[in-house]
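>>> below is the sequence, then the predicted model.
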Amino acid sequence: MRILLVEDDKMIGQAVRDHVAAAAHAIDWMCTIGDAEAAAGSVDYGLILLDLQLPDGRGIDLLKRLRNDGMAMPVIILTARDQISDRIEGLNAGADDYLVKPFDLGELQARIMAVARRYDANPRTIIRIADIEIDRPQHRIAIAGEPVVLTSREWAVLDLLIARPGAIVPKDRIEEALYAFGSEIESNTVEVYVSRLRKKIGRDRIKTARGIGYTLAQA
């Protein structure tokens, strides 16, 4: 999942970014409303982590504009403001959850997965496909009972395929998810990571729709 973090506190932002990335999510970190709004308008994010007090305005106003524009991705508010009235305003503006600073990073990850499951078209936490068992929240996979270790980028590809069972995931959608890891993307990057994933879970598990993208076989 690709996540947008909107947070101007450098220490908190770095801690959240590193923790979320370590959980195999792609994450873009913006410090202002202007940058966040531009990012949200050009990238298909799976979730937004939103601070309320930002240098160029209120996060709550950004949230309202995103909802008014029809953007339906889940939003978790991260803020030091713990008044009930603040929580009510945030939830009424379209937030899905509210976490008061300082917070435990483990709890943040749990809330990210809980909110994402509510939006997911395929909300099961344990997914079984033939002899493959995938635990999405824990990022664990086993084939015929034997654990398989995937890198963060391999998980990013697999997670997109799992979220759309039987459907073709466009190549540019996969490429977009990989861009967020911050490295230069070569023209064959998607093919490289799909190939690596095939070697680990089985070549026939991932089907190619030539010129379009890839799909995860369901049997």
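Looks like it came in fine.
>>> wait, Ile60 touches Asn92, no?
No. Using CB atoms under 8 Å, Ile60 is not in contact with Asn92, being 9.5 Å away. For glycine as for every other residue, the C-beta is placed from the backbone atoms N, C-alpha and C.
>>> ok, these two, which is more surrounded?
Between Ile60 and Asn92, Ile60 has the larger neighbour count (other CB atoms under 10 Å), namely 21 against 10.
>>> packing partners for the helix or strand containing the more buried one?
Using DSSP states H and E, the element containing Ile60 is helix 59-68. Counting contacts by 3 or more CB pairs under 8 Å, 6 or more residues apart in numbering; DSSP states H and E, helix 59-68 is packed against helix 33-42, strand 47-51, strand 75-79, helix 84-92.
>>> for those, give me CSV that also has distance to Asp135 and mean pLDDT.
Shown next, in CSV, are the helices and strands packed on helix 59-68 (distance: least, CB to CB, whole Å; pLDDT from 0 to 100):
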stretch, distance to Asp135, mean pLDDT
helix 33-42, 30, 91
strand 47-51, 19, 95
strand 75-79, 22, 93
helix 84-92, 30, 86
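>>> mind checking the ones you listed for the one nearest to Ser187?
helix 33-42 (20.7 Å; CB to CB).
>>> that closest one to helix 59-68, inter-axis angle?
20 degrees (axes from the mean of the first three to the mean of the last three CA atoms, to 10 degrees).
>>> hang on, the earlier thing: looking at the helices and strands packed on helix 59-68, which is closest to Met113?
Nearest to Met113 among the helices and strands packed on helix 59-68 is strand 47-51; the distance by CB to CB comes to 9.8 Å.
>>> now the helix holding Ile60: buried residues?
59-60, 62-63, 66 (16 or more other CB atoms under 10 Å).
>>> now swap in stretch 102-110 and tell me
Buried positions in stretch 102-110, judged by neighbour count with 16+ other CB under 10 Å: 108-109.
>>> same question, stretch 43-61
Neighbour counts over stretch 43-61 (16+ other CB under 10 Å) mark 45-52, 54, 59-60 as buried.
>>> distance between that stretch and the chain's centre?
Offset of stretch 43-61 from its chain centre (CA atoms, centre = their mean, to the nearest Å): 15 Å.
>>> got the domain boundaries for this protein?
What the TED database lists as the domains of the chain is 2-119, 126-216.
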